[in-house]
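*Asks:* Got a predicted structure plus its sequence, pasted below:
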Amino acid sequence: MRHSTRLVWTFVAVLCWLGFSGCSSSNFNSDYNLNQARLKGKANTDDNVVASADTTKPTVNLPLDDEEEQQGKKKKKKRSKREFLGYKVKRGFIKSGGSGDRQVLETFSYLPEFEEPDPYAPEKYLLDTKKNKLYRTRTNVDPAKHKVLHGPYVKKIGGQIVEEGYFYVGTKHLRWERYRNDEEGTLVDKKHYEKGFQRDAVVSYYGNTKKIKEVIPYEYGEVQGTYYRFYENGQIEWTGQYEKGRKVGVWIKNYDFRNRRHYEYQYPKTAYDERTEPYLVKEYDRHGTLIYEKDKLDKRSQAQR
């Protein structure tokens, strides 16, 4: 009888425990329930299952300490105004032309330590420290009085930008733009350069050397821009303009020393003008003296050859 009573009470206790368990709330944050959720949601990804099962507690993002923040987040480096494409630079400016709407302001960067520009660069851009003036040249550079331009350049007239671009060791580089000096600041010209030459130019060399022979300019798939041909000693032989695949304007042939001019030939002014044969406009002797000018002067018979 005593054993029967114990069995009855045990059976009643089990029923009560089951009843109370059924009435209690489910703990969706327990490891057991998360595992059960994963098993039931085999078609879903683990991340989706965990997100749908664990909904009772919000996620709190605690602040990271300095070391963790540096490892997890890359800080953006500010562009230094004292360095450009691997070279240390200094900034400068020149004002000219008076004041108000006539004032011309040029801001630029230059190399504090002299660096020789590429000898093949057709034009070299410099700061004359004696005259405090910017200018371009095709001749040699004097380290004693010239600073080589390198970095951003901006020209303003009356406070409005009319030209901007970049220099690389004395040569035009990257994008250059010119604007009309009007209320809208209309863009009138845009060119891309690669260290002195047009970006898409085709360059040929003398044999297997690094001596440039010819630079054919290309823009948008056609010959367009300034053409250069060099002597083997690096001096410019021919230079002129192409427009839509045609020679236009004045083409110049030089002697093989000091970039001294020899001939000037005239082609049609634009690619839309009637095709005509080029004609000689001017001729110079080896000393730089003009010995022929069309319809004005002809001393070629007396010149020293």
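*Replies:* Perfect, thanks for sending it.
*Asks:* Show the low-confidence segments of the stretch 1-150 of the chain, by residue range.
*Replies:* 1-80 (pLDDT under 70).
*Asks:* change it to 50
*Replies:* Residues of the stretch 1-150 of the chain meeting the criterion pLDDT under 50: 2, 14, 18, 20-68.
*Asks:* Would you confirm that residue 168 contacts residue 153?
*Replies:* No: judged on CB atoms under 8 Å, residue 168 makes no contact with residue 153 at a distance of 11.1 Å. C-beta here means a position set from N, CA and C on the backbone, and glycine is covered the same way.
*Asks:* Sketch out the helices for the stretch 51-200 of the chain, chain order is fine.
*Replies:* Per DSSP state H, counting those that start in this stretch, the stretch 51-200 of the chain carries helices over the ranges 66-72.
*Asks:* So which residues of it form strands?
*Replies:* 83-84, 87-88, 90-96, 104-110, 124-128, 133-137, 146-148, 151-157, 160-168, 171-179, 187-194, 197-198 (DSSP state E, counting those that start in this stretch).
*Asks:* Would you mind giving the ones you listed as TSV with mean neighbour count and distance to residue 117 added?
*Replies:* Converted to TSV, the strands of the stretch 51-200 of the chain look like this (neighbours: other CB atoms under 10 Å; distance: least, CB to CB, whole Å):
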stretch	mean neighbour count	distance to residue 117
strand 83-84	16	15
strand 87-88	16	12
strand 90-96	13	17
strand 104-110	19	12
strand 124-128	21	5
strand 133-137	14	10
strand 146-148	23	6
strand 151-157	18	14
strand 160-168	19	9
strand 171-179	19	6
strand 187-194	14	13
strand 197-198	22	13
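*Asks:* need the ones you listed in a markdown table with distance to residue 256, can you?
*Replies:* Converted to a markdown table, those look like this (distance: least, CB to CB, whole Å):
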| stretch | distance to residue 256 |
| --- | --- |
| strand 83-84 | 35 |
| strand 87-88 | 32 |
| strand 90-96 | 35 |
| strand 104-110 | 31 |
| strand 124-128 | 19 |
| strand 133-137 | 18 |
| strand 146-148 | 25 |
| strand 151-157 | 32 |
| strand 160-168 | 27 |
| strand 171-179 | 22 |
| strand 187-194 | 26 |
| strand 197-198 | 21 |
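*Asks:* what's the closest of those strands to residue 288?
*Replies:* strand 133-137 (15.7 Å; CB to CB).
*Asks:* Pairing partners for the closest one, with directions?
*Replies:* Strand 133-137 pairs in its sheet with strand 124-128 (antiparallel), by DSSP bridges.
*Asks:* and the angle for the strand it pairs with with strand 160-168?
*Replies:* 110 degrees (axes from the mean of the first three to the mean of the last three CA atoms, to 10 degrees).
*Asks:* Offset the numbering so it begins at 580, please.
*Replies:* Sure, I'll start counting at 580 from here, so that last one is strand 703-707.
*Asks:* Name the residues linked to the closest residue to residue 676 other than its chain neighbours by a beta bridge.
*Replies:* Using CB to CB, 6 or more residues apart in numbering and skipping the chain neighbours, the partner closest in space to residue 676 is residue 683 (4.1 Å). Note on residue 683: beta-bridge partners by DSSP bridges are residue 675, residue 736.
*Asks:* related to what we said a few turns ago, tell me which of the strands of the stretch 630-779 of the chain lies nearest to residue 801.
*Replies:* Short answer: strand 776-777, nearest of the strands of the stretch 630-779 of the chain by CB to CB, at 12.3 Å.
*Asks:* How far does the closest one sit from its chain's centre?
*Replies:* Relative to its chain's centre, strand 776-777 lies at 13 Å (CA atoms, centre = their mean, to the nearest Å).
*Asks:* cool, stretch 695-711 as well?
*Replies:* So, by CA atoms, centre = their mean, the centroid of stretch 695-711 is 21 Å from its chain's centroid.
*Asks:* Just the endpoints, please. Distance across that stretch?
*Replies:* 20 Å (CA to CA, to the nearest Å).
*Asks:* what does it contact?
*Replies:* 671, 673, 687, 689, 712-717, 720, 724-728, 746, 748-751, 774-776, 791, 805, 807, 809, 813, 815, 818 (CB atoms under 8 Å, 6 or more residues apart in numbering).
*Asks:* Now it: buried residues?
*Replies:* 696, 697, 699, 700, 701, 703, 704, 705, 706 (16 or more other CB atoms under 10 Å).
*Asks:* Chain neighbours aside, what residue packs nearest to the first one?
*Replies:* It stands for residue 696. residue 749 is the one closest to residue 696 (CB to CB, 6+ apart), at 3.5 Å.
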